[in-house]
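*Asks:* Predicted model and sequence below, questions to follow.
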Amino acid sequence: MNIRKSLLQLIFSGAYMKRWNDRLRPAELIEIDKQAHKMIIAWLLCRLSGTGRTPTERIALEEKVVEGGIFDYLFRLVITDIKPPVLDRIRADPEHYRLLAAWAAGEIESRIHSLDDAFFVRFKEYISRPATGGDAADILGAAHTLASAWELRLLLTVNDSFDEEIRDIGEQFRHRTAAYAHVPGVPGMAAVFNGRAGGVAASLARPPATPECGHETRESRPPAPGYDPAAPACGREPEYAAAARFAALCGRLRFQKRWSQVPRIPETSVMGHMFITACYAYFLSMSLNACPARRVNNFFTALFHDLPELLTRDIISPVKKSTAGLEQLIRAYEGDELRRSVLDPLVAGGCAPIADRLSYYLGLEVGSEFQECVIRDGKVQAVSFDELQCTGNRDELDPKDGEALKICDILAAFIEAYTAMRNGIASDQIQQSFWRMREQNAGRKLGDIHIGALFMDFD
């Protein structure tokens with residue numbers, strides 16, 4: 001087992017990092033939430049950019065995006081005190097940036113080197129290049145900008161009347177987004193993410209109120225100042241608007257707190273928890289020697305595993321299990337609402353492949369997101385962990401773990417409880433949850449990996 005306690009805690013530490021902390025915020029904006037939203041958008045852009053690629057090319061692109069997203073996050077954890085404008089100036093000077101990257105690699109090395117030597121080498125090379133090109137870099141850059149623009153729209157509601165600088169930031173976002181207009185899906189997301197809260201500011205792309213083509217617009221508002229003529233000029237919805245609305249909808253999971261009836265420091269949202277689980281899933285996949293498709297599928301399955309809570313809120317396990325049949329009833333309701341509010345609109349909006357992929361990640365065909373499965377002859381088939389590890393660990397079978405993801409979900413909750421206790425929260429619910437998870441998993445194994453040893457590292 002190459003995953004260490006220090007690595008788990010490092011990934012969780014983004015729960016302490018507050019974003020836009022020099023602005024008035026109607027809700028706290030946290031780094032792990034931003035990273036989750038960024039990777040959800042990046043996944044959508046990957047799927048939209050996958051047309052015409054072979055399965056091998058698509059998997060390679062998605063793995064570059066996943067690794068790049070994790071590397072960006074790790075780098076961000078180290079340089080947290082450097083404001084973006086200052087970092088941009090450092091990047092402009094190759095020598096200064098080289099020194100910063102070398103220092104950051106040194107800070108991270110002891111946490112991730114034991115995971116995999118090659119992984120650390122790739123991390124070091126990734127952060128040492130101040131500017132990278134290629135499809136994966138464009139997707140990550142666009143996703144980063146769009147996720148930040150989503151936050152800015154929220155900030156404008158309370159800052160626009162007195163903060164002139166925030167209008168300049170909005171203009172910068174508009175130009176940055178325009179630079180990624182060639183990435184399929186970006187113009188549509190820019191249009192959907194755009195808001196007129198507070199008046200001017202962060203107009204990313206808004207079509208004119210009276211388009212030349214004569215079609216009626218979805219909204220009858222006048223164009224915002226700084227209107228980008230490269231934005232969709234027709235009143236019909238921008239291409240891939242259904243995927244963009246799904247990305248915006250996912251942003252609401254930032255506001256949904258876990259353990260809502262239990263005081264904790266720090267609080268974590270459902271969205272942040274999904275990102276932490278996704279990182280753990282990727283690391284555990286590496287320890288299992290999973291094939292590239294399986295690693296990528298595990299990351300994105302974990303990233304979406306609590307998506308139904310967008311529709312039902314976070315229902316804690318004791319409540320689900322309190323009455324016979326209640327857990328099954330809740331799952332059936334989640335499935336119905338998921339189809340009605342997420343999957344059906346994606347299909348109706350021309351994004352059926354995205355809906356199909358979400359269905360696979362969420363295990364709708366096999367009954368649970370925590371069921372191992374493969375795709376044979378175009379059909380999803382449930383398999384055991386041993387089957388997956390022995391004969392199913394091949395890209396062409398598009399494999400996905402189940403038990404491994406459940407372990408990562410528990411680990412993320414376990415870290416939440418452990419950290420709250422270390423920060424002085426002595427509630428009965430937190431302590432009971434911590435000890436229950438620790439004892440229930442103390443002897444747990446996954447193949448040749450002794451998972452219990454990781455739980456027992458926390459006392």
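*Replies:* Received, thanks.
*Asks:* and after the helix or strand bottoming out on mean pLDDT in the chain, which helix or strand comes next?
*Replies:* When the helices and strands of the chain are compared on mean pLDDT, DSSP states H and E, helix 317-320 comes out lowest with a mean of 52. Moving toward the C-terminus from helix 317-320, the first helix or strand encountered (DSSP states H and E) is helix 326-338.
*Asks:* Just the CA trace of the next helix or strand after that next one, in CSV.
*Replies:* As assigned by DSSP H and E, the chain's next helix or strand after helix 326-338 is helix 344-348. Presented in CSV, the C-alpha positions along helix 344-348 are these (Å, rounded to 0.1, in the frame of the first residue of the first chain):
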residue,chain,number,x,y,z
ASP,A,344,-33.6,13.5,-19.7
PRO,A,345,-32.7,17.2,-20.2
LEU,A,346,-29.2,16.2,-21.4
VAL,A,347,-30.8,13.8,-23.9
ALA,A,348,-33.3,16.3,-25.0
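*Asks:* now helix 344-348: mean pLDDT?
*Replies:* Mean per-residue pLDDT for helix 344-348: 94.
*Asks:* After it, which helix or strand is next? Please name it.
*Replies:* With DSSP H and E, the next secondary element past helix 344-348 is helix 352-361.
*Asks:* Where do the strands of the protein begin and end?
*Replies:* Taking DSSP state E, the strands of the chain run over residues 373-376, 379-382, 445-446, 449-450.
*Asks:* In terms of residue numbering, what are the domains of the protein?
*Replies:* 5-252, 297-456 (automatic domain parsing).
*Asks:* Going by mean pLDDT, which of these comes out lowest?
*Replies:* Among those, domain 5-252 scores lowest, with a mean of 81.
*Asks:* OK, contacts around Ser384?
*Replies:* For Ser384, the contact set (CB atoms under 8 Å, 6 or more residues apart in numbering) comprises Glu372. To be clear about C-beta, it is placed using only N, CA and C from the backbone, and glycine gets the same treatment.
*Asks:* Okay, helices next: where are they in the stretch 1-150 of the chain?
*Replies:* Counting by DSSP state H, counting those that start in this stretch, the stretch 1-150 of the chain has helices at residues 5-12, 31-49, 55-78, 84-91, 94-112, 117-128, 135-159.
*Asks:* thinking again about what came up before, of all the domains of the chain, which lies closest to Cys279?
*Replies:* Cys279 sits nearest to domain 5-252 of all the domains of the chain, at 4.8 Å, using CB to CB.
*Asks:* What is the burial count for Leu44?
*Replies:* 25 (other CB atoms under 10 Å).
*Asks:* My guess is it contacts Ala248. True?
*Replies:* No: with contact defined as CB atoms under 8 Å, Leu44 and Ala248 do not form a contacting pair (10.9 Å).
*Asks:* Which parts of the stretch 351-459 of the chain are helices?
*Replies:* 352-361, 385-390, 403-422, 428-440, 451-456.
*Asks:* In PDB, list the C-alpha atoms belonging to the first one.
*Replies:* Read that as helix 352-361. C-alpha atoms of helix 352-361 as PDB (Å, rounded to 0.1, in the frame of the first residue of the first chain):
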ATOM      1  CA  ALA A 352     -27.200  11.800 -25.000                       C
ATOM      2  CA  PRO A 353     -23.700  10.400 -24.900                       C
ATOM      3  CA  ILE A 354     -23.000  12.400 -21.700                       C
ATOM      4  CA  ALA A 355     -26.200  11.200 -20.100                       C
ATOM      5  CA  ASP A 356     -25.200   7.600 -21.000                       C
ATOM      6  CA  ARG A 357     -21.800   8.000 -19.500                       C
ATOM      7  CA  LEU A 358     -23.300   9.500 -16.300                       C
ATOM      8  CA  SER A 359     -25.600   6.500 -16.100                       C
ATOM      9  CA  TYR A 360     -22.600   4.200 -16.300                       C
ATOM     10  CA  TYR A 361     -20.700   6.100 -13.600                       C
END
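*Asks:* can you list contacts of it?
*Replies:* 44, 47-48, 243, 246, 297, 300-301, 304-305, 307, 342-344, 346-347, 365, 369, 373, 375, 380, 398, 400.
*Asks:* And stretch 61-75, by the same measure?
*Replies:* 10-11, 14, 35, 38-39, 42-43, 46, 49-50, 53, 104, 108, 112, 122-123, 126-127, 134-137, 139-140, 144, 279, 282, 292, 295-296, 299-300.
*Asks:* got the buried residues for it?
*Replies:* By neighbour count on 16 or more other CB atoms under 10 Å, the buried set for stretch 61-75 is 61-75.
*Asks:* now stretch 396-412
*Replies:* Within stretch 396-412, the residues that count as buried by 16+ other CB under 10 Å are 397-412.
*Asks:* Which stretch among the helices of the stretch 351-459 of the chain is buried most, on average?
*Replies:* Burial of the helices of the stretch 351-459 of the chain is given as mean neighbour count (mean count of other CB atoms under 10 Å); helix 403-422 ranks first at a mean of 22.
*Asks:* just the angle between it and helix 5-12, please?
*Replies:* 80 degrees (axes from the mean of the first three to the mean of the last three CA atoms, to 10 degrees).
*Asks:* same for helix 403-422, what does it pack against?
*Replies:* Helices and strands touching helix 403-422, by 3 or more CB pairs under 8 Å, 6 or more residues apart in numbering; DSSP states H and E, are helix 5-12, helix 270-287, helix 292-304, helix 428-440, strand 445-446, helix 451-456.
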